[in-house]
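**Student:** build me a structure from this.
(one chain, ligands or ions: 1)
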Amino acid sequence: MPQQPLSQVPADATWEWQEVGACREADPDLFFHPQNERGLARVRRDRSAKAVCARCSVRVECADYAIRAREPYGVWGGLTEEERERVYLKVAVPQFPRQRGEGAKLAADEIAAAVMPASLGVVS
Ligand code: SF4
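**Tutor:** Numbers count the residues shown, from 1 in each chain. Here you go, the predicted model:
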């Protein structure tokens with residue numbers, strides 16, 4: 001696993017999308033794991049956060065920001081830390097997406113899959 005650089009706010013970052021995020025009405029503890037959380041507890045909390053993201057109108061903007069900033073913690077845009085790590089492995093660090101929209105483009109498949117029923121634990 002490559003060393004993850006510290007998160008870095010992109011120069012063109014904007015924040016107005018956060019004003020309409022569905023998580024404004026949710027428990028913030030859903031989105032960030034407590035220390036030493038493991039196993040089923042973590043799966044359940046992540047799925048609960050993803051369920052909030054699934055009904056959020058700014059999910060793509062949120063995921064784009066988190067990927068470009070390399071946010072190290074939390075569920076952003078429906079993507080967990082581990083799911084973002086897999087996105088990071090797609091690119092070499094010098095070419096890492098920094099312009100607005102590049103993160104969403106790079107992770108289009110992961111963003112779409114993040115809130116599919118299977119990711120939310122819904123069995124059809
Ligand atoms: S996608 Fe999820 S974390 Fe991002 S603003 Fe919406 S509800 Fe909040």
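**Student:** V91 is in contact with G103, isn't it?
**Tutor:** No. Judged on Cβ atoms under 8 Å, V91 makes no contact with G103 at a distance of 10.1 Å. Any C-beta I mention is one placed from the backbone N, CA and C, and that applies to glycine too.
**Student:** tell me where this protein is predicted with low confidence.
**Tutor:** Confidence mapping of the chain against pLDDT under 70 gives the ranges 1-7, 124.
**Student:** in it, what residue is nearest the ligand?
**Tutor:** Residue nearest to the ligand within the chain: G21 (2.6 Å; Cβ to the nearest ligand atom).
**Student:** residues of this protein that sit close to the ligand?
**Tutor:** Proximity of the chain to the ligand, by Cβ under 6 Å from any ligand atom, involves residues 21-23, 31, 52-53, 56, 58-59, 62, 76-78.
**Student:** next secondary structure element downstream of the lengthiest helix in the chain?
**Tutor:** The longest helix of the chain (DSSP state H) is helix 39-54. Downstream of helix 39-54, the first helix or strand assigned by DSSP states H and E is helix 59-69.
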